[in-house]
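[1] How does the following fold in three dimensions:
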Amino acid sequence: MVIEDLEKYAKEFHIPIMEKDGIEFLTSYIKEHNHIQNILEIGCAIGYSAIKMALVRDNIHITTIERDQERYLKAVENVKAFHLEDRITILFKDAFDVIVNENYDLIFIDAAKSQYIKFFEKFTPYLNKDGVVFSDNLYFHGYTKQKTRIESKNLRQLVQKLRKYIVYLEENKNYVTEFYNIGDGIAITKRR
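    A predicted model of the protein is given here:
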């Protein structure tokens, strides 16, 4: 199996995975920062980004969380196909039910967009002193920057929550965030 197989599967079955330039940005960041070894990913889907991150270096260990059973099972299958089961631990749980007992160099938030603030607050206490939080999909296909009214109520509420998260990051007194117009919008957040 090769990475392109995962990309093809995701496209065919409408599984949201990181956009190509987004995943390249994330993996390049990990390559450039050798201290990043222990990663927590919230939102595994089919294991695509966890596998890409693990392939950066042999000393990288990832704990990733997925609550959808079908996606979880596919992720387990994919991780095995890449022989990474000793370095990628997949938890089949809702992220809010996960009890964390270690610290992370990088926390990657790429799950339910409406819950980003709650994910951030739940998991940042487990961020190492020089660790970073990567948040994906902040532009949400351009909707968070759109000025015209969004007709769909569900979509409108989701976009409002993402906008709140962006403001939350911008105004957070304990963290400093840089926003990148890469992929579907990425933020990198560090402790002040």
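
[2] which is the next helix or strand following the helix or strand bottoming out on mean pLDDT in the chain?
    When the helices and strands of the chain are scored by mean pLDDT, DSSP states H and E, helix 153-171 comes last with a mean of 87. Using DSSP states H and E, the helix or strand that follows helix 153-171 towards the C-terminus is strand 175-180.

[3] low-scoring pLDDT stretches of the chain, where are they?
    Residue ranges of the chain with pLDDT under 70: 143.

[4] hey, where'd the strands end up in it?
    For the chain, the strands defined by DSSP state E cover 38-42, 61-66, 88-92, 104-109, 127-135, 175-180, 186-191.

[5] Tell me which residues touch the closest residue to Ala75 other than its chain neighbours, please.
    Excluding its sequence neighbours, the residue lying closest to Ala75 (CB to CB, 6 or more residues apart in numbering) is Gly47, at 3.5 Å. C-beta: built from backbone N, CA, C; applies to glycine. The contact partners of Gly47, by CB atoms under 8 Å, 6 or more residues apart in numbering, come to 6, 64, 74-76, 78-79, 88, 90.

[6] which among these gets closest to Phe140?
    Minimum distance to Phe140 across the contacts of Gly47 is 21.5 Å, recorded for Thr64 (CB to CB).

[7] what about that closest one, neighbour count?
    Look at Thr64: counted by other CB atoms under 10 Å, it has 26 neighbours.

[8] Hmm, Ile90 and it touching each other?
    Yes - counting by CB atoms under 8 Å, Thr64 touches Ile90, with 5.4 Å between them.

[9] tell me, what's touching those two both at once?
    44, 47, 50, 75.

[10] where's the third one relative to Ile60, distance?
    Think Ala50. Between Ala50 and Ile60 the computed distance is 10 Å (CB to CB, to the nearest Å).

[11] do the same with the last one
    Relative to Ile60, Ala75 is positioned 17 Å away (criterion: CB to CB).

[12] That's all I had, so thanks and see you.
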